[in-house]
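[1] Dropping the sequence and predicted coords here.
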Amino acid sequence: MNAKTNSPSWLFFDIGSTLVDETKVYEGRFKYIAEKSGLSYDEVCDSALELFKQNKKGDKELMKRLGLPIPEWKSADEVLYPDAKSVLQKLSWKTGGKYKIGIIANQNPGSKERLKSFGILEYIDLVVASAEEGCAKPDRKIFEIALSRAGLEGQAANAVMIGDRIDNDIIPANEIGMKTLWVKQGYGKYWRFSREAENREFKGALAKAPENASETVPERTSERADFEVDDLTGVLEIF
């Protein structure tokens, strides 16, 4: 599908590791684990990374295994990705772009205030965050709330979910019928696809196009996004 010729009307973004860089938050959590467990900082980082590669939440899983209390997430340590503002500015209908911009995110209370402090709230038309809604991704309810408020009930294909997490962003959005774009940033980039997803992608790549068809579309699994990019700037090459 060429997104520029089959344009959706709404683009929904996740926040963490999509619009904002969470590196400093994780560094703080890894230091906490090291101090409480007696492990070195490098050992903690390596262990957490291996857990992320197993599709687990590496920091939380490691704390659980070590019997450590899980501290509050320090949103104050998040910083805006350097290209986030310019990307939103170019996409938003408010500043000459083509799209309405929404947020679907699992966040502590005060998402709008944080987005305003980052200088990007002005480009965003709708914020749907877990703390205010009482439900969280991957629950499809939070996606349904967002689509309803955007006036897209029964029109999920007119919206795109853009996020770093296959489990929280891509799978539920695919299942509800939205288009999806995976931004391979943060620890979400280490997601390992199931054998089923890998097999179907492989078969799709080998499939011979019928003589009367211009292209062959591989069978879709809920894990696979419609589009993949390495950073936010890559979104502009698609939309």
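    Ah, there it is. Numbering: from 1, shown residues only.
[2] ok, now how distant is E35 from L51?
    Look at E35 and L51: by Cβ to Cβ, to the nearest Å, they are 19 Å apart. Heads up, the C-betas are built off the backbone N, CA and C, glycines and all.
[3] same thing with E144?
    For E144, the distance to L51 - Cβ to Cβ - is 31 Å.
[4] what ranges do the helices span in this protein?
    Along the chain, the stretches classed as helices by DSSP state H are 23-37, 41-52, 58-66, 84-91, 111-117, 130-133, 140-149, 171-176, 195-206.
[5] Arrange these in JSON lines, one row each, with distance to Y187 and mean pLDDT as further columns.
    Below are the helices of the chain laid out as JSON lines (distance: least, Cβ to Cβ, whole Å; pLDDT from 0 to 100):
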{"stretch": "helix 23-37", "distance to Y187": "7", "mean pLDDT": "98"}
{"stretch": "helix 41-52", "distance to Y187": "4", "mean pLDDT": "98"}
{"stretch": "helix 58-66", "distance to Y187": "6", "mean pLDDT": "97"}
{"stretch": "helix 84-91", "distance to Y187": "18", "mean pLDDT": "98"}
{"stretch": "helix 111-117", "distance to Y187": "20", "mean pLDDT": "97"}
{"stretch": "helix 130-133", "distance to Y187": "19", "mean pLDDT": "96"}
{"stretch": "helix 140-149", "distance to Y187": "21", "mean pLDDT": "98"}
{"stretch": "helix 171-176", "distance to Y187": "17", "mean pLDDT": "97"}
{"stretch": "helix 195-206", "distance to Y187": "19", "mean pLDDT": "49"}
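[6] E237: which of the ones you listed is closest?
    Among the helices of the chain, helix 84-91 comes nearest to E237, with 10.9 Å by Cβ to Cβ.
[7] Could you check how far the closest one is from the centre of its chain?
    Taking Cα atoms, centre = their mean, to the nearest Å, one finds helix 84-91 lying 16 Å from the centre of the chain it belongs to.
[8] Likewise for stretch 108-120?
    Stretch 108-120 sits 17 Å away from the centroid of its parent chain (Cα atoms, centre = their mean).
[9] just stretch 60-71 next, same as before
    Worked out by Cα atoms, centre = their mean, stretch 60-71 lies 24 Å from the chain centre.
[10] With stretch 44-59 instead?
    Stretch 44-59 has its average C-alpha position 18 Å from the chain's average C-alpha position, going by Cα atoms, centre = their mean.
[11] Can you point out the buried residues in that stretch?
    Judged by neighbour count (16 or more other Cβ atoms under 10 Å), stretch 44-59 contains these buried residues: 44-45, 47-48, 51-52, 58-59.
[12] would a markdown table of those with distance to S92 be doable?
    Listed next are these as a markdown table, based on distance: Cβ to Cβ, whole Å:
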| residue | distance to S92 |
| --- | --- |
| V44 | 40 |
| C45 | 37 |
| S47 | 41 |
| A48 | 35 |
| L51 | 37 |
| F52 | 32 |
| G58 | 34 |
| D59 | 33 |
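[13] Of the residues you listed, which pair is most distant in space?
    V44 and F52 (12.5 Å).
[14] Would you format the helices of the chain as TSV with distance to R165 included?
    Below are these laid out as TSV (distance: least, Cβ to Cβ, whole Å):
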stretch	distance to R165
helix 23-37	14
helix 41-52	11
helix 58-66	13
helix 84-91	17
helix 111-117	17
helix 130-133	13
helix 140-149	13
helix 171-176	9
helix 195-206	15
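[15] tell me the contacts of the residue nearest to the spatial centre of the chain?
    Nearest residue to the geometric centre of the chain (Cα atoms, centre = their mean): G163, 1.8 Å. By Cβ atoms under 8 Å, 6 or more residues apart in numbering, the residues touching G163 are 13-14, 18, 169-170, 173, 181-183, 188.
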